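Peer 1: return a 3D structure for these sequence lines:
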Amino acid sequence: MVANANNPDSFMGATAYLIDALEYIDAPANMCSYDDAFHCFLAFAGQPSHAAVIPSSLHTALQERKQKTKAQIDKKKWLVFKLGLDWKSPQQMDRRDLFLDHLKAHYTIIAPHRKVPYPPTGHWIADTQSVGDKWHNHLAFGKLHDKCMPRLPIHILDREQLTKDVGPDQHAYIVDPNCKLYILICA
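Peer 2: Next up, the predicted model:
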């Protein structure tokens with residue numbers, strides 16, 4: 001049970017089992033706290049000075065738990081890196097810079113400045129009238145996922161007024177011609 005106490009459910013199970021054992025031997029009440037009983041037990045059992053009183057099977061289970069915990073942490077770090085969420089990592093910054101350089105070199109679009117933005121701000125955008133009709137009732141009267149967002153009108157998109165249409169399978173690095181800074185990245 002100790003070896004598998006790496007996720008919240010098994011950790012709570014091991015804690016409950018430990019609390020039952022402590023109550024069975026009439027341990028002091030301060031040792032029977034659900035919040036820290038298992039952590040205190042692990043700290044006690046992991047000290048080299050207590051190695052003589054710890055059974056070898058428990059010592060083996062503690063080592064196995066340590067290895068499983070380390071494997072879980074390594075797996076989380078790998079996943080965070082692969083998803084590109086670790087912005088403090090030098091490797092991640094290099095990956096991002098390389099990707100942005102690739103976008104700049106191959107997919108740069110200079111967006112002409114418009115006096116009136118299109119599509120208009122403060123609107124939901126629908127590709128076609130039929131899509132707008134399907135969403136109208138829900139967006140006007142239905143329960144919205146985010147209650148803080150206001151109910152906005154639906155605007156039907158006029159593709160003729162778009163400067164550039166970037167498809168879902170395309171990349172774009174859109175640059176403002178006035179300040180030469182990117183204003184949008186589609187990847």
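Peer 1: isn't residue 110 up against residue 172?
Peer 2: No. The pair formed by residue 110 and residue 172 falls short of the contact definition of Cβ atoms under 8 Å, at 11.1 Å. To be clear about C-beta, it is placed using only N, CA and C from the backbone, and glycine gets the same treatment.
Peer 1: domain assignment for this structure?
Peer 2: Per the record, the chain has its domains at 8-83, 86-114+165-187, 118-162, by automatic domain parsing.
Peer 1: would you list these in JSON lines and tack on mean pLDDT and mean neighbour count?
Peer 2: Listed next are the domains of the chain as JSON lines, based on pLDDT from 0 to 100; neighbours: other Cβ atoms under 10 Å:
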{"stretch": "domain 8-83", "mean pLDDT": "76", "mean neighbour count": "12"}
{"stretch": "domain 86-114+165-187", "mean pLDDT": "74", "mean neighbour count": "12"}
{"stretch": "domain 118-162", "mean pLDDT": "85", "mean neighbour count": "11"}
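Peer 1: okay, helices next: where are they in this protein?
Peer 2: Along the chain, counting by DSSP state H, helices occupy 8-24, 37-46, 56-83, 90-106, 129-141.
Peer 1: so what touches the last one?
Peer 2: Residues outside helix 129-141 that contact it (Cβ atoms under 8 Å, 6 or more residues apart in numbering): 124, 126, 151-152, 154, 156.
Peer 1: could you identify the most distant pair in the residues you listed?
Peer 2: Using Cβ to Cβ, the contacts of helix 129-141 span at most 17.2 Å, a distance reached by 151 and 156.
Peer 1: ok, now how distant is residue 36 from residue 143?
Peer 2: According to Cβ to Cβ, to the nearest Å, residue 36 stands 41 Å off from residue 143.
Peer 1: check residue 69 too.
Peer 2: As for residue 69, its distance to residue 143 is 41 Å (criterion: Cβ to Cβ).
Peer 1: kindly report the same for residue 131.
Peer 2: The gap separating residue 131 from residue 143 is 20 Å, by Cβ to Cβ.
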